[in-house]
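Peer 1: quick one, fold the following:
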Amino acid sequence: MDSFEVNKILGAVLGTCLVLLTLNITANALFSVHAPAKPGYAIAVPEQAPAGGPAAPAVAEEPIAVRLAKADLGRGEASFKKCAACHTLDKGGRNLVGPNLWGVVGRDKGAVAGVNYSAAMKAKGGKWTFEELDAYLKNPRGMVPGTNMSFAGIPRDSERGDLLAFLNSKSDSPQPLPKAAAATPAAPAARQAEAPPAAAAPAPAAPPA
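Peer 2: Purely as a prediction, here's the structure:
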């Protein structure tokens, strides 16, 4: 093989290498990947209020007199089903785990014969008023610590009002419903602040020139 043929082969090899090198440089320029300054992905998270922020104001309990005034006896009868496992309600009915509840509103506490009352209930004394029955139905063990009544209570105010109105109707002499307190009239300063501002008086006309 003469030198001319060798030069052609070397030239072809060098040309091929040059083409491959050019393609490699071009590909790196087009498809280069730059690593981020910080690894991972940024995820947008909505800001939350600090844990120590002000709590929502508690809803004031409606007075029992107001709830009794708008009570529904039908709903109260339905609510009594929660009590029927331990109490009867008919006149002269027998005691179960708890006493018969005919005439319970206005009755002496712990006074039904044949009932195994707790010492705490016997020591409570007095009559069952609407207010005390409302507190007892809401949290029996909170109102009479040591009571034998295992019922957890009725937390909803309106339901207790319906139930008490129904229980009061089951009596030879239902107790008169307590009167709701009249709304306190607004103070004079508050009423003045609520009054709309008086219209401004018109400016006097300019005297003739």
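Peer 1: can we go C-alpha only for contacts and neighbour counts from here?
Peer 2: Will do.
Peer 1: immediately after the helix ranked longest in the chain, which helix or strand?
Peer 2: If you go by DSSP state H, the chain has its longest helix at helix 3-30. Helices and strands here follow DSSP states H and E; after helix 3-30, the next one along the chain is helix 64-69.
Peer 1: give me the contact list for the helix or strand just after that following helix.
Peer 2: Under the assignment DSSP H and E, the closest C-terminal helix or strand after helix 64-69 is helix 73-79. When contacts are defined by CA atoms under 8 Å, 6 or more residues apart in numbering, helix 73-79 is touched by residues 159-167.
Peer 1: try 6 Å
Peer 2: 162-163, 166 (CA atoms under 6 Å, 6 or more residues apart in numbering).
Peer 1: and stretch 128-147, how far out from the chain middle?
Peer 2: The chain centre lies 23 Å from the centre of stretch 128-147; the measure is CA atoms, centre = their mean, to the nearest Å.
Peer 1: stretch 158-167 now?
Peer 2: Chain-centre distance of stretch 158-167: 22 Å, with CA atoms, centre = their mean.
Peer 1: for Ser158, what are phi and psi?
Peer 2: phi -60, psi -40 (degrees, to the nearest 10).
Peer 1: quickly note the distance from the closest residue to it other than its chain neighbours to Gly106.
Peer 2: Of all residues not flanking Ser158 in the chain, Arg67 sits nearest, at 6.3 Å (CA to CA, 6 or more residues apart in numbering). Distance, Arg67 to Gly106, using CA to CA, to the nearest Å: 18 Å.
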